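[1] this one's sequence-less:
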């Protein structure tokens, strides 16, 4: 498989120069910081706004949405927790 060298480095007692393309042996350890495979199709990056939209849709489909007004409220300080377990964990700090 062919690899692009991302930065000049020494691996296995050999100098690999940045920007060059090499056919590297399968048994050689290849750090993603140093080598990028060229024969593998690249995966598209997911934008954060796309992730948030998917999460919001998923929560709506499940039939619940959480806001700061909903949930379990601490009687000591007023902090709102998403779950009863979260509230119990939070209340330990008041002891």
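    Looks like it came in fine. What you see is a predicted model; the values in this text were computed from it and never measured.
[2] any low-confidence regions in the chain?
    When residues are selected by pLDDT under 70, those of the chain lie in 40-70.
[3] so where do the helices sit in it?
    48-62, 84-91 (DSSP state H).
[4] elements contacting the shortest one?
    What that stands for is helix 84-91. Packing contacts for helix 84-91, counted by 3 or more C-beta pairs under 8 Å, 6 or more residues apart in numbering; DSSP states H and E, involve strand 72-73, strand 80-81. For glycine as for every other residue, the C-beta is placed from the backbone atoms N, C-alpha and C.
[5] how about those, which one is nearest residue 16?
    Closest approach to residue 16 among the helices and strands packed on helix 84-91 (C-beta to C-beta): strand 80-81, 51.7 Å.
[6] Okay, now the sheet partners of the closest one, with direction.
    strand 72-73 (antiparallel) (DSSP bridges).
[7] re earlier: can I get the helices and strands packed on helix 84-91 in JSON lines including distance to residue 29 and mean neighbour count?
    JSON lines is the format used below for the helices and strands packed on helix 84-91 (distance: least, C-beta to C-beta, whole Å; neighbours: other C-beta atoms under 10 Å):
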{"stretch": "strand 72-73", "distance to residue 29": "49", "mean neighbour count": "15"}
{"stretch": "strand 80-81", "distance to residue 29": "45", "mean neighbour count": "16"}
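[8] Next, format those as TSV and append distance to residue 30.
    Listed next are the helices and strands packed on helix 84-91 as TSV, based on distance: least, C-beta to C-beta, whole Å:
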stretch	distance to residue 30
strand 72-73	49
strand 80-81	45
